[in-house]
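Visitor: fold the following, please.
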Amino acid sequence: MTNSETPYSPVTTQPAANPLSRRFSVAPMMDWTDHHCRYFLRILSKHALLYTEMVTTGALLHGDAERFLRHDVSEHPLALQLGGSVPSELAACARLAEAAGYDEVNLNVGCPSDRVQNNMIGACLMGHPALVADCVKAMRDAVAIPVTVKHRIGINGRDSYAELVDFVGQVHEAGCESFTVHARIAILEGLSPKENRDIPPLRYDVVAQLKRDFPTLEIILNGGIKTLEDCQTHLQTFDGVMLGREAYHNPYLLAEVDQQLFTSSATVISRAEALSQLRPYIAAHLQSGGAMHHISRHILGLAQGFPGARRFRQLLSVDIHKAAAPLALLDHAAGLLEGR
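Guide: I've put the predicted structure just below:
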């Protein structure tokens, strides 16, 4: 969530409309999965589990907690991802999340950036399994909602399978039952976060072995998954799949998630109908003083692979910044989706 955004709805304590399932989820992504993005994605899929951007314990405990926790009731099922490594602080933040109505709290043990490493957040914690276990126990003791962990298969210098088993084993003993595993190691020196999402090779076989060795744990696969066909294949081995960049850049992929992965009998929503359902939300945001690009940047990927798609993206990424009547421009863009 950026400082330029204006409040648009109160924090909700209403429980999830659908039972919490991790069969398909959209990954927490910094600067991307804010509340506007999640509202849009929920229009496309009623069952996908959505995650917030990572929020640090410091931001919640010493910043504007209400702003970071704010979400719309429609976003459920919804999980808050936390970044931190002090058990008491994570416990306090988990309590805030539960009070705000979140359905799950997830601990980030996968982010490789230098900035978070310096604060003992993210992937560097894979080198400290006992500390992660203490963090998980503190959060589990503090709240009744599930506490989960998202992590890598290792880090440079601690990338053997035995060390991965040790990490999962210790964290499981602390009470964690669900692990979302990014099937790459993280290289903590010399690679950017972007490079860490591409350069270390994907090792689905390692995660599959983890599932075999911990058959009672819920193991969610993350990393490199691009299609619903991929999802269906991986769901034969794993308990769930998590998509990141593909779900953001090609969000219409979510339109068939409920039908293909959750056996929903609902009609698949069209691109045009999705934008039509989003329009009142955009209008309300503009009425409250917000800017169109806070929301429009998240929907550019709705238009791909058909005549007019490029013009749609240009209207909502370039022309929108100089539009005197942004809703009229939105309606013009919506016309390009008719029949899609």
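Visitor: please count neighbours and contacts with C-alpha atoms only from this point.
Guide: Fine.
Visitor: who's in contact with the helix or strand hosting residue 259?
Guide: Of the helices and strands defined by DSSP states H and E, residue 259 is found in helix 257-261. Helix 257-261 has contacts (C-alpha atoms under 8 Å, 6 or more residues apart in numbering) with 23-24, 45-48, 228, 232, 264-266, 268.
Visitor: run the last query once more with 7 Å
Guide: 45-47, 264-265 (C-alpha atoms under 7 Å, 6 or more residues apart in numbering).
Visitor: do stretch 77-95 as well
Guide: By C-alpha under 7 Å, 6+ apart, stretch 77-95 touches 16-18, 20, 49-57, 60, 97, 102-108, 120-122, 134-135, 138-139, 142-143.
Visitor: now do the following helix or strand past the helix holding residue 259: which elements does it pack against?
Guide: Per DSSP H and E, the first helix or strand lying C-terminal to helix 257-261 is helix 271-287. Where contact means 3 or more C-alpha pairs under 7 Å, 6 or more residues apart in numbering; DSSP states H and E, helix 271-287 is packed against helix 35-44.
Visitor: what average pLDDT does the helix it packs on get?
Guide: For helix 35-44, mean pLDDT rounds to 98.
Visitor: between the helix or strand following it and helix 35-44, how many degrees?
Guide: Under the assignment DSSP H and E, the closest C-terminal helix or strand after helix 35-44 is strand 49-56. Per axes from the mean of the first three to the mean of the last three C-alpha atoms, to 10 degrees, the angle that strand 49-56 makes with helix 35-44 is 170 degrees.
Visitor: show me how far the following helix or strand past strand 49-56 is from its chain's centre.
Guide: Downstream of strand 49-56, the next assigned helix or strand under DSSP H and E is helix 57-62. Per C-alpha atoms, centre = their mean, to the nearest Å, the displacement of helix 57-62 from the mean C-alpha position of its chain is 20 Å.
Visitor: only the buried subset of the contacts of helix 257-261, as a PyMOL command please.
Guide: Filtering those down to the buried ones (16 or more other C-alpha atoms under 10 Å) takes a single PyMOL command:
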select buried, resi 45+46+47
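Visitor: make JSON lines from the contacts of helix 257-261 and add distance to residue 291 to it.
Guide: Shown next, in JSON lines, are the contacts of helix 257-261 (distance: C-alpha to C-alpha, whole Å):
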{"residue": "45", "distance to residue 291": "25"}
{"residue": "46", "distance to residue 291": "26"}
{"residue": "47", "distance to residue 291": "29"}
{"residue": "264", "distance to residue 291": "35"}
{"residue": "265", "distance to residue 291": "36"}
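Visitor: between the contacts of helix 257-261, which is nearest residue 176?
Guide: In terms of C-alpha to C-alpha, no member of those lies closer to residue 176 than residue 47, at 22.8 Å.
Visitor: how about the nearest residue to that closest one, chain neighbours excluded?
Guide: Once flanking residues are discounted, residue 47 sits nearest to residue 258: 6.1 Å by C-alpha to C-alpha, 6 or more residues apart in numbering.
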